[in-house]
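*Asks:* Okay, predicted coordinates and the sequence, questions at the end:
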Amino acid sequence: MFVTDVDHVLATVLYVTAKSSDENNKATLQRFPTLAKREADWFKGRVSEAKEHKMFATFDGPIRAIKCARAIRESALEVGIETKAGLHTGLCEMRGDFASGNAVEISKEVANRAAPNEVLLTNTVMDLVSGSGVVFSNRGSYSSERLSENCQLFATV
């Protein structure tokens, strides 16, 4: 049996889901992976997966992840794609550029709770960027079996 080296790293995970604002235009949604990868590369993210309906990447800093989420949202809106973004900072299991583990799953759950074109993040991310000038709006409490305690969700303004 072949065993792959696994690295455990602290990272900010950005998970983005995409939906075409014109459900009949599949070609528009096919542009999402390219534009999402471009923005992630620009902000020095490590893309784990990019498909028509989703993308997730890890970042070594939460500010880069927030800026990337906003850039993906703006680029997607320009071509008629709605996004929902979720961010969480936690331990990831890295196999090369592919991330897995609770931090990825939590960021996915957070993205699913976001309103269309909203960048939603956990209080873990917010605490790490306090004093940075990023403005947040409280979106309430969030619980998950993956978390030891409830956390707060915030949207970037």
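*Replies:* The structure has been received and is ready for your questions.
*Asks:* how about the helices of the chain, start to end?
*Replies:* Per DSSP state H, the chain carries helices over the ranges 26-29, 32-42, 62-78, 102-113, 123-128.
*Asks:* Quick check: buried residues in the third one?
*Replies:* Using 16 or more other CB atoms under 10 Å as the test for burial, helix 62-78 gives 62-73, 75-76. Using the backbone N, CA and C atoms, a C-beta is placed for each residue, glycine as well.
*Asks:* For the one helix or strand in the chain whose mean pLDDT sits lowest, name the packing helices and strands.
*Replies:* Averaged element by element with mean pLDDT, DSSP states H and E, the chain has its least confident helix or strand at helix 26-29 (a mean of 82). Judged by 3 or more CB pairs under 8 Å, 6 or more residues apart in numbering; DSSP states H and E, helix 26-29 is in contact with strand 7-20.
*Asks:* hang on, the earlier thing: just the C-alphas of the least confident helix or strand of the chain, formatted as CSV.
*Replies:* What follows is helix 26-29, C-alpha atoms only, in CSV (Å, rounded to 0.1, in the frame of the first residue of the first chain):
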residue,chain,number,x,y,z
LYS,A,26,-24.2,26.8,-18.9
ALA,A,27,-21.3,28.5,-20.9
THR,A,28,-21.3,31.3,-18.4
LEU,A,29,-20.8,29.0,-15.5
